[in-house]
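J.: here is my input, please return the structure:
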Amino acid sequence: MRLKVYQAYEGSRKIVGGILNSSSKVQGGMFSFFRRRPAPVPGDLVVPLHGFDDLWYYQGAIFHVLFVFDDVLDHAVLHDSLETLIRREGWQKLGARLRKQVRNSSSRSLTPESRNQQDGSGLEYHVPATFTATRPACTFNHVDHSDIPAQDHSLAKLIPKANGLDRPMILSNPAQLAGLYQAGSATKLDDFLYSDRPILGVNVTSFKDQTLVCLNWSHLAFDTMGLQEVLQGWTAVMQGRAKDVPQPFGFESDPLVEFGTGPARQTHVLADRLLSIWGLMAYLGRRAYSLTIGPSDVRMVCIPAAIFDKLREQAVYEASREAPGVQPYLSDNDVLEAFWLRLAVGSLNLAPGTTVMKQTAIDLRRILSKAPVLLPSSRPYISNAISWLVSPIPSSEILTSSLGSLARRVRGIMTQQATREQLEAYMALLRKYGSLRMLFGDPGMYLIIFSSWARAGLFEVDFGAARKKEGGRGTGKCYPVYIQQEHGPIRNLEAFFILGKDGEGNYWVSGYRAKGDWEKLERELKAFAIEVS
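T.: Coordinates of the predicted model:
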């Protein structure tokens with residue numbers, strides 16, 4: 001294992017120390033050495049990755065997001081509408097190929113002055129001048145099981161359902177369904193670098209009564225809110241509204257190239273808690289096994305609508321009781337984070353005095369759509385625009401606080417840190433130290449990551465326009481009944497992804513924990529009780 005941390009945004013890359021996951025986990029293994037990368041294709045447009053796309057923790061993250069529809073969809077309509085979208089001006093990024101930087105190629109390249117300093121990958125997009133049958137706009141695979149219902153298939157019958165649940169339940173391991181959607185898809189960065197594979201891939205599996213649609217892409221290309229924009233553009237084309245699809249903003253130039261570079265208006269509230277090099281090495285030394293080769297498990301969890309309503313009622317009641325005269329605002333996400341924080345920490349048996357560092361992803365688009373505008377709200381931004389809200393919380397406080405009190409704490413972190421000034425301060429630290437140095441807390445802390453996908457509205461994706469005329473169940477909207485996601489290298493951290501609320505009001509959560517810790521959390525759930533006075 002190579003002991004390196006890359007310091008970004010200070011001219012040339014500098015080695016400052018730390019631990020980087022082994023190349024076999026992030027890049028695809030020692031056998032890459034013997035493989036030959038595709039030669040540059042004359043005429044391709046070469047675009048360097050934006051600085052906030054090319055961060056270390058995105059380089060090994062390959063998404064598989066599965067949508068399950070209780071209807072029969074026409075795979076040809078899905079394919080043709082997606083290809084039509086990608087061929088539109090500004091959307092060609094979705095059909096780009098990822099390449100290591102190549103000097104003196106005959107491809108068309110943006111000027112070196114447009115490049116942003118990065119975390120060290122040297123990756124760039126190569127966009128075909130035209131998409132053809134041999135160089136398609138997207139990878140599209142279709143598996144036809146339309147002669148049998150999903151329940152008669154050995155894997156499809158394992159798709160979780162929320163029917164009849166009377167408490168939050170750990171339902172499944174998403175990897176059980178991989179055989180339904182992963183054939184021919186990318187699972188590591190090398191799958192892009194050593195092939196002519198487009199950034200975006202889609203696998204469709206058809207049954208007599210269901211259709212499974214899985215999107216596969218590298219996190220280097222875009223985040224969850226970027227996925228929302230892709231889905232909105234796709235469905236608009238599908239519905240015959242291609243003229244309504246706006247041109248994406250900021251592909252050939254980086255609109256965030258200056259964000260976090262100006263004179264500091266504020267110091268980040270936790271700047272003094274940023275780990276030093278030695279503190280980082282001590283933390284990584286304590287966690288080296290779990291962060292590299294330690295076994296981990298991913299699970300899907302469902303919180304039934306009736307149970308969540310009671311959770312929310314309890315949280316609001318407790319928060320109001322603890323702050324008389326104040327009507328506290330709590331979002332669904334505040335309640336869910338507080339609930340999962342208590343469950344997770346309660347199942348871990350952490351040493352007394354342990355600091356839990358809660359780190360929550362936040363989308364920058366809404367904030368940066370306000371003056372001075374960096375990301376206009378009228379145009380899609382198909383890229384990464386993520387920052388982090390970080391908060392050290394003593395484990396004892398998490399275990400002894402009421403749900404309402406903890407939810408108020410979560411809301412307070414959002415109120416304090418989700419300002420333009422604080423996000424600029426965070427990004428300034430990121431530019432100064434690089435992504436691997438952005439850990440706050442102390443060497444003995446326990447890190448828990450949250451990411452809410454609810455605002456992306458994935459359960460509101462309407463594929464009704466692709467419904468087959470023969471075999472379909474109606475003419476109305478067609479929303480997914482189940483969604484799951486998998487990506488790495490986050491699987492070696494304690495992380496929870498709130499995927500959203502389905503049409504019945506049930507919340508779905510995807511979580512990563514060390515092997516064996518899910519059983520401990522299951523015991524917490526079995527003892528679960530809601531008391532609303």
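J.: can you give me the helices for this protein?
T.: Per DSSP state H, the chain carries helices over the ranges 23-26, 56-59, 75-87, 178-181, 190-193, 224-238, 277-292, 305-322, 332-346, 365-368, 395-400, 403-417, 420-433, 517-526.
J.: want to throw these into JSON lines with distance to Thr355, mean pLDDT and mean neighbour count?
T.: Any C-beta I mention is one placed from the backbone N, CA and C, and that applies to glycine too. Compiled in JSON lines, those are given as follows (distance: least, C-beta to C-beta, whole Å; pLDDT from 0 to 100; neighbours: other C-beta atoms under 10 Å):
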{"stretch": "helix 23-26", "distance to Thr355": "27", "mean pLDDT": "38", "mean neighbour count": "17"}
{"stretch": "helix 56-59", "distance to Thr355": "21", "mean pLDDT": "88", "mean neighbour count": "22"}
{"stretch": "helix 75-87", "distance to Thr355": "46", "mean pLDDT": "98", "mean neighbour count": "19"}
{"stretch": "helix 178-181", "distance to Thr355": "36", "mean pLDDT": "94", "mean neighbour count": "20"}
{"stretch": "helix 190-193", "distance to Thr355": "37", "mean pLDDT": "96", "mean neighbour count": "20"}
{"stretch": "helix 224-238", "distance to Thr355": "28", "mean pLDDT": "99", "mean neighbour count": "22"}
{"stretch": "helix 277-292", "distance to Thr355": "11", "mean pLDDT": "90", "mean neighbour count": "16"}
{"stretch": "helix 305-322", "distance to Thr355": "23", "mean pLDDT": "95", "mean neighbour count": "18"}
{"stretch": "helix 332-346", "distance to Thr355": "11", "mean pLDDT": "97", "mean neighbour count": "22"}
{"stretch": "helix 365-368", "distance to Thr355": "28", "mean pLDDT": "98", "mean neighbour count": "18"}
{"stretch": "helix 395-400", "distance to Thr355": "7", "mean pLDDT": "96", "mean neighbour count": "16"}
{"stretch": "helix 403-417", "distance to Thr355": "14", "mean pLDDT": "97", "mean neighbour count": "20"}
{"stretch": "helix 420-433", "distance to Thr355": "19", "mean pLDDT": "96", "mean neighbour count": "20"}
{"stretch": "helix 517-526", "distance to Thr355": "19", "mean pLDDT": "90", "mean neighbour count": "15"}
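J.: which one of those lies nearest to Cys138?
T.: Of all the helices of the chain, helix 75-87 sits nearest to Cys138, with 5.9 Å by C-beta to C-beta.
J.: which elements pack onto the closest one?
T.: Packed against helix 75-87, as judged by 3 or more C-beta pairs under 8 Å, 6 or more residues apart in numbering; DSSP states H and E, are the following elements: strand 139-145, strand 201-207, helix 224-238.
J.: take the ones you listed and lay them out in JSON lines including distance to Asp272.
T.: Converted to JSON lines, the helices and strands packed on helix 75-87 look like this (distance: least, C-beta to C-beta, whole Å):
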{"stretch": "strand 139-145", "distance to Asp272": "47"}
{"stretch": "strand 201-207", "distance to Asp272": "44"}
{"stretch": "helix 224-238", "distance to Asp272": "31"}
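J.: looking at these, which is nearest to Glu124?
T.: Here helix 224-238 is closest among these (C-beta to C-beta), at 18.2 Å.
J.: got the angle for that closest one vs strand 201-207?
T.: 60 degrees (axes from the mean of the first three to the mean of the last three C-alpha atoms, to 10 degrees).
J.: which strands or helices does helix 224-238 pack on?
T.: helix 75-87.
J.: what does the helix it packs on rub up against?
T.: 91-92, 94-95, 131, 136-138, 140, 142, 200, 202, 204, 206, 211, 213, 230, 233-234, 237-238, 242, 245, 463, 465-466 (C-beta atoms under 8 Å, 6 or more residues apart in numbering).
J.: buried among those residues? Need that as a selection in PyMOL.
T.: The following PyMOL line selects those of these that are buried, judged by 16 or more other C-beta atoms under 10 Å:
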select buried, resi 91+92+94+95+131+136+137+138+140+200+202+204+206+211+213+230+233+234+237+238+245+463+465+466
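J.: and for this protein, the residue most distant from the center?
T.: Here the centre of the chain is the reference, and by C-alpha atoms, centre = their mean the most remote residue is Gly325, at 38.5 Å.
J.: pLDDT weak spots in this structure?
T.: Residues of the chain meeting the criterion pLDDT under 70: 1-34, 102-120, 470-475, 488-491, 529-533.
J.: who does the nearest residue in space to Phe308 that is not next to it in sequence form a beta bridge with?
T.: Leaving aside its chain neighbours, Phe308 sits nearest to Tyr507 (5.5 Å; criterion: C-beta to C-beta, 6 or more residues apart in numbering). Taking DSSP bridges as the rule, Tyr507 bridges to Ile303, Lys501.
J.: thinking again about what came up before, of all the helices of the chain, which one is nearest Ile382?
T.: helix 224-238 (4.8 Å).
J.: can you give me the angle the closest one makes with helix 75-87?
T.: Taking the same axes, to 10 degrees, one finds that helix 224-238 is oriented at 110 degrees with respect to helix 75-87.
J.: now do helix 224-238: distance to the chain's middle.
T.: Per C-alpha atoms, centre = their mean, to the nearest Å, the displacement of helix 224-238 from the mean C-alpha position of its chain is 15 Å.
J.: and the contacts of it?
T.: By C-beta under 8 Å, 6+ apart, helix 224-238 touches 65, 77-78, 81-82, 84-85, 91, 94, 200, 215, 222, 242, 244-245, 248, 363, 365, 380-385, 451, 453, 455-458, 461-463, 465-466.
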